[in-house]
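Novice: Need a 3D model of the sequence below.
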Amino acid sequence: MKKIIIACLFFVLPVSVMAAGGSANLMHANNDLHDKASLQNGAKLFVNYCLSCHSAKYMRFNRMGRDLGMTDEQVKDNLMFTTDKVVNTMDIAMKPEDAARWFGTLPPDLSVIARSRGTNWLYTYFMSFYEDKSRPFGVNNALFKDVGMPHVFMGLQGKQVLVEAKEGELPTFKLIEAGTMGEEEFANAMRDLVNFLEYLGEPIKTTRQAMGYKVILFLLILFVFAYMLKKEYWKDVH
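Specialist: Model (predicted):
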């Protein structure tokens, strides 16, 4: 039994190290998939600021509404601007050729971006836009250098300049023009957006995790009975 446990630890350890590596220069999103108010605000930010260019074509409006505790009417009134049918997916009206002409390439679908990049990466990315007049849209990003995306949240955050960016450390910024939100309010808004993007990547995640705990508890209880049964069968042999 000890050999099996040691083998499992050696198997898991490299995975843990790789998962933790490279996170020194990332901010922590600290988002919570159980927070329905946060998810609803994240959905509002997504459809208002992201959905005009980025699709989420693996999610349907009515499915999102049910998961976030909203009725179809609430979804129609507050979150639907590209279609009038709640059964439709979250797609965009922009043509691929127009996107290529304006941005140089088609903006990626964001359905599984949180699973691809990670929530801390996304949160750091949204918080790291700074003024750079040499770029086509007048902004750059400390995490994703020379990104082709404009700072769509500039009106909320305001304008900031990059003060220092050392490798392996968090960059520092200075706000030079205030937006409609304060610094803490904007940071919380970006957490809500990241929360929603994580939900998009795996809508059933909280259900899966809750079921996983129950399965593990069941297996532990089963192990006790199986071990007792094994001892009963083999008591005469030993």
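Novice: could you measure F137 against M190, distance?
Specialist: Distance, F137 to M190, by CB to CB, to the nearest Å: 19 Å. (Glycine included, C-beta is placed from N, CA and C.)
Novice: what about those two, which has more around it?
Specialist: M190 (25 against 15; other CB atoms under 10 Å).
Novice: Now do the SS call for the more buried one.
Specialist: In three-state terms, and counting by DSSP: H, G, I helix; E, B strand; the rest coil, M190 is helix.
Novice: ok, it - contacts?
Specialist: Applying CB atoms under 8 Å, 6 or more residues apart in numbering to M190 gives the contacts 123, 126-127, 153.
Novice: Could you do N25 as well?
Specialist: Taking CB under 8 Å, 6+ apart as the test, what N25 contacts is 124, 143, 167-171.
Novice: Also N120?
Specialist: N120 touches 23, 26-29, counting by CB under 8 Å, 6+ apart.
Novice: State whether it is indeed within a strand.
Specialist: No - under three-state DSSP, N120 falls outside any strand and is assigned helix.
Novice: Grab the nearest non-local neighbour of it.
Specialist: Nearest residue to N120 in three dimensions, chain neighbours excluded: L26, at 4.3 Å (CB to CB, 6 or more residues apart in numbering).
Novice: same question, Y58
Specialist: S111 (3.9 Å).
Novice: right, and that neighbour touches M64 too?
Specialist: No - with contact defined as CB atoms under 8 Å, S111 does not count as touching M64 (11.3 Å).
Novice: Which one's more surrounded, these two?
Specialist: M64 (24 against 19).
Novice: after the helix-or-strand element of the chain with minimal mean pLDDT comes which helix or strand?
Specialist: The weakest-scoring helix or strand in the chain, judged by mean pLDDT, DSSP states H and E, is helix 2-20 (a mean of 42). Using DSSP states H and E, the helix or strand that follows helix 2-20 in sequence is helix 36-45.
Novice: which other helices and strands contact that following helix?
Specialist: helix 72-79, helix 183-201 (3 or more CB pairs under 8 Å, 6 or more residues apart in numbering; DSSP states H and E).
Novice: For K133, find the nearest of those helices.
Specialist: When the helices and strands packed on helix 36-45 are compared by CB to CB, helix 183-201 sits nearest K133, at 22.4 Å.
Novice: per-residue confidence averaged over that closest one?
Specialist: Helix 183-201 shows a mean pLDDT of 97.
Novice: can you tell me the average pLDDT over the helix or strand following it?
Specialist: Remark: after helix 183-201, the chain's next helix or strand is helix 205-234, criterion DSSP H and E. Average pLDDT, helix 205-234: 91.
Novice: swap in stretch 65-75?
Specialist: 94.
Novice: how long is it from one end to the other?
Specialist: End-to-end distance for stretch 65-75: 6 Å, by CA to CA, to the nearest Å.
Novice: same question, stretch 171-182
Specialist: Using CA to CA, the end-to-end distance of stretch 171-182 comes to 19 Å.
Novice: ok now it, how far from the chain's centre?
Specialist: 23 Å (CA atoms, centre = their mean, to the nearest Å).
Novice: same check, this time on stretch 195-206
Specialist: Worked out by CA atoms, centre = their mean, stretch 195-206 lies 7 Å from the chain centre.
Novice: Check stretch 45-54 too.
Specialist: In terms of CA atoms, centre = their mean, the centre of stretch 45-54 is set 15 Å apart from its chain centre.
Novice: now stretch 194-212
Specialist: 10 Å.
Novice: In it, which residues are buried?
Specialist: 194-201, 203 (16 or more other CB atoms under 10 Å).
Novice: what would those look like in JSON lines with distance to H54?
Specialist: Below are those laid out as JSON lines (distance: CB to CB, whole Å):
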{"residue": "V194", "distance to H54": "14"}
{"residue": "N195", "distance to H54": "17"}
{"residue": "F196", "distance to H54": "12"}
{"residue": "L197", "distance to H54": "10"}
{"residue": "E198", "distance to H54": "15"}
{"residue": "Y199", "distance to H54": "15"}
{"residue": "L200", "distance to H54": "11"}
{"residue": "G201", "distance to H54": "14"}
{"residue": "P203", "distance to H54": "18"}
